[in-house]
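Undergrad: Sharing a sequence plus its predicted fold:
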Amino acid sequence: MSKGKKVVYGLFIPVVIIVAWYFYTTYSNVPDSLLPKIQNVGMAFKEMVSQGQLQNDLAVSFLRVIKGFLVSGITGIILGAMMGMSKKINALLLPTITAIRQIPVIAWIPLIILWVGIGEGSKVVIIVIAASFPVLVNTLSGFTSTPAGYIEVARLYNLNRWQTFIKVYLPHALPQMLVGLKLGLSVSWMALVASELIAASSGIGYRMNDARSLMRSDKVIVCMVVIGLTGIIMDKVISLIFEAVTPWEKVAKSEGKI
């Protein structure tokens, strides 16, 4: 399928939603507090930009995401690599990690607020808890799927653990590690917004919750659209970075090998 057709297909449902939204709010008696007109949302967007609210909230939220994502990425990769290279560490950590992973991140928020408060620290902790697991699971999968023959060759050449990690495990696991990081970034953004909705005094999630309390559904929709677009942009940027890091993956896909 050509890029032009992909764009048309991708825009079809959003256009249908916008058209339906326009006709429903124009030719029905739905209150603006429940579903505002499209032009009102546009005016709310201009108002928030002119007052600097949107830019400031996005900057605050984005900085929180970067902090949490860096910590969760490092944590997930280290734990996943250790568990993938050592059966003893895997047996020790896997049951506990599996149990903790089943707890929704929302369930952690009240406890984290009690421990850390509603400041910056709580947001970073929530992101780390939510985003570490996708990185860890994908890293672990990449390491454990390394062919046993490669590891045996490393033993024959008397490679130490670090050399085996660099020359055997890492090249094979890197694509899955990058997938985990990509998922981790997406989860980081969603977890942050969820935490800001519940306990925050700044950020895009806080702004959306504040608009809800004021019955400003137009501002709520502006925040929702901005959150979605920001997530898409972040996903595209990290995808481009990963394509640059693993150019052989693109070649293999173009040749139909993967």
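TA: Arrived safely, thanks for sending. Numbering: from 1, shown residues only.
Undergrad: going forward, measure contacts between C-alpha atoms and count neighbours the same way
TA: Noted.
Undergrad: The stretch 101-250 of the chain: strands as residue ranges?
TA: With DSSP state E, counting those that start in this stretch as the criterion, the stretch 101-250 of the chain has no strands.
Undergrad: Can you get me a residue count around the closest residue to residue 184 other than its chain neighbours?
TA: Excluding the flanking residues, the one nearest residue 184 by CA to CA, 6 or more residues apart in numbering is residue 131, at 4.5 Å. For residue 131, the count of nearby residues is 32 (other CA atoms under 10 Å).
Undergrad: just the one 5 residues further on next, same as before
TA: Look at residue 136: counted by other CA under 10 Å, it has 28 neighbours.
Undergrad: so what's it up against?
TA: Applying CA atoms under 8 Å, 6 or more residues apart in numbering to residue 136 gives the contacts 75-80, 180.
Undergrad: how near is it to residue 73?
TA: Going from residue 136 to residue 73 by CA to CA, to the nearest Å gives 8 Å.
Undergrad: Specify the local secondary structure of residue 32.
TA: Three-state call for residue 32 (DSSP: H, G, I helix; E, B strand; the rest coil): coil.
Undergrad: Neighbours of the nearest residue to it once chain neighbours are set aside, how many?
TA: Nearest non-adjacent residue to residue 32, counting by CA to CA, 6+ apart: residue 217, 7.3 Å away. Other residues within reach of residue 217, judged by other CA under 10 Å, total 22.
Undergrad: ditto for residue 144
TA: Neighbour count of residue 144, defined by other CA under 10 Å: 20.
Undergrad: Help me confirm that it comes into contact with residue 87.
TA: No. At 9.8 Å, residue 144 does not count as touching residue 87 under the criterion of CA atoms under 8 Å.
Undergrad: Find residues that contact each of these two.
TA: Going by CA under 8 Å, 6+ apart, no residue sits against residue 144 while also sitting against residue 87.
Undergrad: mean confidence score for stretch 53-65?
TA: The average pLDDT for stretch 53-65 rounds to 90.
Undergrad: Quick one: residues in contact with that stretch.
TA: Applying CA under 8 Å, 6+ apart, the set of residues contacting stretch 53-65 is 48-49, 120, 123-124, 127, 185, 188-189, 192-193, 202-204, 207.
Undergrad: Repeat that for stretch 115-122.
TA: So stretch 115-122 is contacted by 64, 112-113, 199-200 (CA under 8 Å, 6+ apart).
Undergrad: How about that stretch, which residues are buried there?
TA: For stretch 115-122, the neighbour count (16 or more other CA atoms under 10 Å) marks 117-118, 121-122 as buried.
Undergrad: same deal with stretch 5-15?
TA: So for stretch 5-15, nothing qualifies as buried (16+ other CA under 10 Å).
Undergrad: How about stretch 124-141?
TA: Neighbour count says stretch 124-141 has 124-141 buried, by 16+ other CA under 10 Å.
Undergrad: now swap in stretch 78-88 and tell me
TA: Result for stretch 78-88 [16+ other CA under 10 Å]: buried residues 78-85.
Undergrad: contacting residues around the strand or helix carrying residue 23?
TA: Residue 23 is part of helix 3-26, with elements assigned from DSSP states H and E. Here helix 3-26 makes contact (CA under 8 Å, 6+ apart) with 30, 35-38.
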